[in-house]
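Asker: Predicted model, plus sequence, below.
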Amino acid sequence: MADLKGLCMKCRDANNKPTMQTMNDVKVEEKESNRGVRYSAKGKCAQCGGNMFKFLSKDLADELRNSA
């Protein structure tokens, strides 16, 4: 599987917008609410080491769990 990418809030471009970076140490989480189940990934930015977060689809969450 390709590297998971997400927005890093610490790494910003010249216009002060977050940039897309590769996520290391990915942990897939599942939260249940009254609307259903939400899947997300938490990890560290490959460039600056800052915390990263990204919502995932069920299929991508299952794929990341099986590859680990």
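Answerer: Good, I have the coordinates. Residues are numbered from 1 along each chain as shown.

Asker: Just give the number of residues close to Asn24.
Answerer: Residues contacting Asn24 under the criterion other Cβ atoms under 10 Å number 14. C-beta: built from backbone N, CA, C; applies to glycine.

Asker: what does Cys48 give?
Answerer: Residues lying near Cys48 (other Cβ under 10 Å) number 12.

Asker: Distance of it relative to Thr19?
Answerer: Between Cys48 and Thr19 the distance is 10 Å, computed by Cβ to Cβ, to the nearest Å.

Asker: what do those two both touch?
Answerer: Cys8, Cys11 (Cβ atoms under 8 Å, 6 or more residues apart in numbering).

Asker: and the residue nearest to the spatial centre of the chain, which of the three is it?
Answerer: Residue closest to the mean C-alpha point of the chain, counted by Cα atoms, centre = their mean, is Lys54 at 3.5 Å. Here Lys54 is recorded as strand under DSSP: H, G, I helix; E, B strand; the rest coil.

Asker: And it, how close does it get to Tyr39?
Answerer: Per Cβ to Cβ, Lys54 is found 10 Å from Tyr39.

Asker: contacts for the helix or strand harbouring Thr19?
Answerer: Per DSSP states H and E, Thr19 falls inside strand 18-33. Outside strand 18-33, the residues within contact range by Cβ under 8 Å, 6+ apart are 3-9, 11-13, 37-48, 52, 54, 56, 61, 64-65, 68.

Asker: redo that, cut-off 10 Å
Answerer: If you take Cβ atoms under 10 Å, 6 or more residues apart in numbering as the criterion, strand 18-33 is touched by 2-13, 37-54, 56, 58, 60-65, 67-68.

Asker: List the contacts of Ser11.
Answerer: Quick fix: residue 11 reads Cys, not Ser. Cys11 neighbours (Cβ under 10 Å, 6+ apart): Pro18, Thr19, Met20, Gln21, Cys45, Ala46, Gln47, Cys48, Gly50, Met52.
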